[in-house]
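Visitor: pasting the structure only:
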């Protein structure tokens, strides 16, 4: 009888947890980061990733200790010239003759569906690097809170997040 009650409770909890879903909600006071490629040409997309990797590494080091959105804002604003120099050097060192623009402020983001979550279009506080004409696909994440930093730790090959529930593991362990 105890096993039946346990299973019923576990199944009920499992349905409740699954009904809520595992959605990543971006807080209103978030700072985004976006890199827009010149075009969708293979080389332009590779250039976007190259710039993203270099600047994101530097920003990560700067923001790792930020405890508030105000602190993160100040850190980004105080280091804009450093980030511009980094992008310029990255392009130059790789013989990429593409101009770029960098803007920190309220920037437009198109609607995006990522991992089953819809992110609304609109103007968001962000640091945006636009390469060339900025007509290519873009990459973006959230700098603060550091959701971007978590995303950066994932491997490129892994495309899905695997969620495990304690109750499911218990059921699998004891009833299968």
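Guide: It's in. What you see is a predicted model, and the numbers here were worked out from it, not measured in a lab.
Visitor: what stretches of the chain score poorly on pLDDT?
Guide: 1-25, 114, 147-176 (pLDDT under 70).
Visitor: Could you pull out the buried residues of the longest helix along it?
Guide: Counting residues, the longest helix found in the chain (DSSP state H) is helix 42-63. By neighbour count on 16 or more other C-beta atoms under 10 Å, the buried set for helix 42-63 is 44-45, 47-48, 50-52, 54-56, 59, 62-63. Quick note: C-beta positions are derived from backbone N, CA and C, even for glycine.
Visitor: Quick check: what element follows it along the chain?
Guide: Moving toward the C-terminus from helix 42-63, the next helix or strand (DSSP states H and E) is helix 69-78.
Visitor: need the strands for this structure, in chain order.
Guide: Using DSSP state E, the strands of the chain run over 31-36, 100-109, 112-114, 117-119, 122-131, 138-144.
Visitor: how about these, which one is nearest residue 73?
Guide: Among these, strand 31-36 comes nearest to residue 73, with 6.8 Å by C-beta to C-beta.
Visitor: what's in contact with the closest one?
Guide: Contact with strand 31-36 is made by 26, 48, 51-52, 55-56, 59, 69, 72-73, 76, 107, 109, 124-131, 134, 136, 138-144, 148, as judged by C-beta atoms under 8 Å, 6 or more residues apart in numbering.
Visitor: Can you tell me how far residue 144 is from residue 68?
Guide: 9 Å (C-beta to C-beta, to the nearest Å).
Visitor: Who has more neighbours out of those two?
Guide: Taking neighbours as other C-beta atoms under 10 Å, residue 144 and residue 68 compare with residue 144 leading, 26 against 10.
Visitor: okay, now the domains of the chain?
Guide: By the assignment in automatic domain parsing, the chain contains the domains 2-21+163-175, 31-153.
Visitor: Could you find the closest non-adjacent residue to residue 29?
Guide: The shortest distance from residue 29 to any non-neighbouring residue, by C-beta to C-beta, 6 or more residues apart in numbering, is to residue 69 (4.7 Å).
Visitor: Counting neighbours, what do you get for the one you found?
Guide: For residue 69, the count of nearby residues is 17 (other C-beta under 10 Å).
Visitor: so who does it touch?
Guide: Listed by C-beta under 8 Å, 6+ apart, the contact set of residue 69 reads 29-31, 144.
Visitor: ok, now how distant is the nearest residue to residue 126 once chain neighbours are set aside from residue 88?
Guide: Of all residues not flanking residue 126 in the chain, residue 32 sits nearest, at 3.8 Å (C-beta to C-beta, 6+ apart). Between residue 32 and residue 88 the distance is 22 Å, computed by C-beta to C-beta.
Visitor: likewise residue 46?
Guide: According to C-beta to C-beta, residue 46 stands 18 Å off from residue 88.
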